[in-house]
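>>> just coords:
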């Protein structure tokens, strides 16, 4: 059953902006994924900003942020999906009691340290957990016949005092964005699937499995 669900996953590039998923369904799925995701010491060192159907201006900013390339390629109209999630790093200023006890004993926890939570090591930890969250959210969306895609064509930053650049246009995003996820229904007339392009075109196929998985 799980395998069949994930086999339906396609990277949706164009969403139908007029076919809006039920808001309560989307909210419940996002919350359910949060309750299911594993996290080191249950700190959840990331934050999720959800831009819904009425957030057109915010999505315009995301479009600009995700298309600033030297090749002037503007493929990221994905961000005009009904729901766009911006997953960012965060300072854990609400650690659970167990972590607080450890901190008092002298244990270190970079995610809780305002001087270290934006260091590369902490961002790697946050990115791993964002990946786990996105996988769970994907399964829940597919289970409910919602379509989903991922986007990382934007600037992230390291260090507490780094220049966040054009992200200033979205003041709610205080810490480095790690991943964008889009939820909705594909535009059946405008969407394309690179895995099924006609012969002779450049297919987006995976590498040989033997180059990736090594059994010892």
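Thanks, I have the structure now. Everything quoted here is computed from the prediction, not taken from an experiment.

>>> hey, let's count contacts and neighbours off CA atoms from now on
OK.

>>> Model confidence score at the nearest residue to residue 126 once chain neighbours are set aside, please.
In this structure, residue 126 finds its nearest non-sequential neighbour in residue 45, 5.5 Å apart by Cα to Cα, 6 or more residues apart in numbering. You'll see residue 45 listed with a pLDDT of 97.

>>> got it, and residue 158?
85.

>>> So which residues of the chain form strands?
Assigned by DSSP state E, the strands in the chain fall at 46-51, 83-89, 147-151, 177-184.

>>> Ok, which of the ones you listed comes nearest residue 33?
Nearest of the strands of the chain to residue 33, taken as Cα to Cα: strand 46-51 at 11.5 Å.

>>> Mind giving me the packing neighbours of that closest one?
With contacts defined as 3 or more Cα pairs under 8 Å, 6 or more residues apart in numbering; DSSP states H and E, strand 46-51 has these neighbours: strand 83-89, helix 120-143.

>>> Columns distance to residue 31 on top of the ones you listed, output as CSV?
Below are those laid out as CSV (distance: least, Cα to Cα, whole Å):
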stretch, distance to residue 31
strand 83-89, 13
helix 120-143, 9
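
>>> Of these, which stretch is the most buried?
strand 83-89 (a mean of 24; mean count of other Cα atoms under 10 Å).

>>> tell me the mean pLDDT over that one?
97.

>>> Just tell me which of the helices and strands packed on strand 46-51 ends up closest to residue 64.
Nearest to residue 64 among the helices and strands packed on strand 46-51 is strand 83-89 (14.5 Å), distances taken as Cα to Cα.

>>> Count the residues that sit near the residue nearest to residue 129 when sequence neighbours are not counted.
Nearest non-adjacent residue to residue 129, counting by Cα to Cα, 6+ apart: residue 39, 6.5 Å away. The tally of other residues near residue 39 (other Cα atoms under 10 Å) stands at 17.

>>> Over to residue 187?
17.

>>> roughly how far apart are it and residue 77?
Using Cα to Cα, to the nearest Å, residue 187 is found at 12 Å from residue 77.

>>> Give me the common contacts of those two.
Contact criterion Cα atoms under 8 Å, 6 or more residues apart in numbering; residues bridging residue 187 and residue 77 by contacting each: residue 14.

>>> contacts for stretch 151-161?
So stretch 151-161 is contacted by 65-68, 115-116, 118-120, 123, 163-164, 176-181 (Cα under 8 Å, 6+ apart).
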